[in-house]
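Colleague: Sequence and predicted structure are below.
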Amino acid sequence: MPYTPPPELASLSIAEIAELAEAQKLPPVEQWEPKESGDSEMRIAADGSWYHQGDPIQRPAMVRAFSSILRREADGSFALVTPYQKLSIKVEDAPFVAVQLESQSSGEDRTLAFRLNTDHLVVAGPDHPLRFGADKPQPYLHVRGGLEAVLARPVYYELVELALAENKDPLGIWSAGAFFPMATDS
C-alpha cells in the first residue's frame, strides 16, 4: 500500500489537522499480550534516528511501520508488539521528535499542532499534554500510551516565542483549552 504523507501543516487549518490526527489508525498494541518475546536489536537514538544491529534504518516507511507498533511497558521499557510477538527496543530519550509546529489563535483560544518525525500529527491539549521538566530544559509532548515526543530545538524556540509574546505570568502556553506552564519549581 503506497504511503501518502499528510499535507504541509501550514496549508491546513487546525481543525483540518485535528481531523487528520484523529483519522490516524494505529494497531491496538495495548490490547495485545503475545506469548513470544525477545530482543529486536533495535534502538531509537536521542535525535529520533532508528537503528537495527547498529546500522541506521534508512527507509522512512520502515520507521513509520515500526513506530506504529511501539508500546511503553508498565516498567517504563519499550517494545515492538504484534499479536504474536513482543520485542524489546532501546530508546535513548523519547521515541518521537516533534519537528514542526502550527499555532492558531492566541491566549486561551490557542491550539497547537505538531508533526512528528514519523509524519504522525498530534494536537496538544488535555489528552496530549506538553511537559516541561525542571531537570531538563527540553519539553516533551505526550503522543499516546506513555510515549512522548521531544520537541526539536527550532520547534521549542518557536513555542517559547509564542509564550513570550503572550507576556503572561507564569510563562506558559495554552492549547485546546489546557495551560502548560513552561517554568517548573525546582
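Modeller: Cool, got the structure.
Colleague: Does Met62 belong to a helix, a strand or coil?
Modeller: Counting by DSSP: H, G, I helix; E, B strand; the rest coil, the backbone at Met62 sits in helix.
Colleague: so what's Ile89 bridging to?
Modeller: The bridge-partner assignment for Ile89, based on DSSP bridges, gives Phe78.
Colleague: ok, it - how many residues close by?
Modeller: Residues lying near Ile89 (other C-beta atoms under 10 Å) number 21. Placement of C-beta: from N, CA and C, glycine included.
Colleague: surely it meets Glu73?
Modeller: No: counting by C-beta atoms under 8 Å, Ile89 sits too far from Glu73 to count as a contact (10.5 Å).
Colleague: which neighbours do the two share?
Modeller: Shared contacts of Ile89 and Glu73, defined by C-beta atoms under 8 Å, 6 or more residues apart in numbering, are found at Ala79.
Colleague: ok, now which ones touch Phe114?
Modeller: For Phe114, the set of contacting residues under the criterion of C-beta under 8 Å, 6+ apart consists of Ala98, Gln100, Leu101, Glu102, Leu121, Val122, Val123, Ala124, Leu141, Ala149, Leu151, Val155.
Colleague: Which residue, other than its chain neighbours, is closest to the residue in the chain sticking out farthest from the centre?
Modeller: For the chain, the C-alpha lying farthest from the average C-alpha position belongs to Lys35; by C-alpha atoms, centre = their mean, that distance is 28.3 Å. Counting by C-beta to C-beta, 6 or more residues apart in numbering, Lys35 lies nearest to Tyr84, which is 7.8 Å off, once chain neighbours are set aside.
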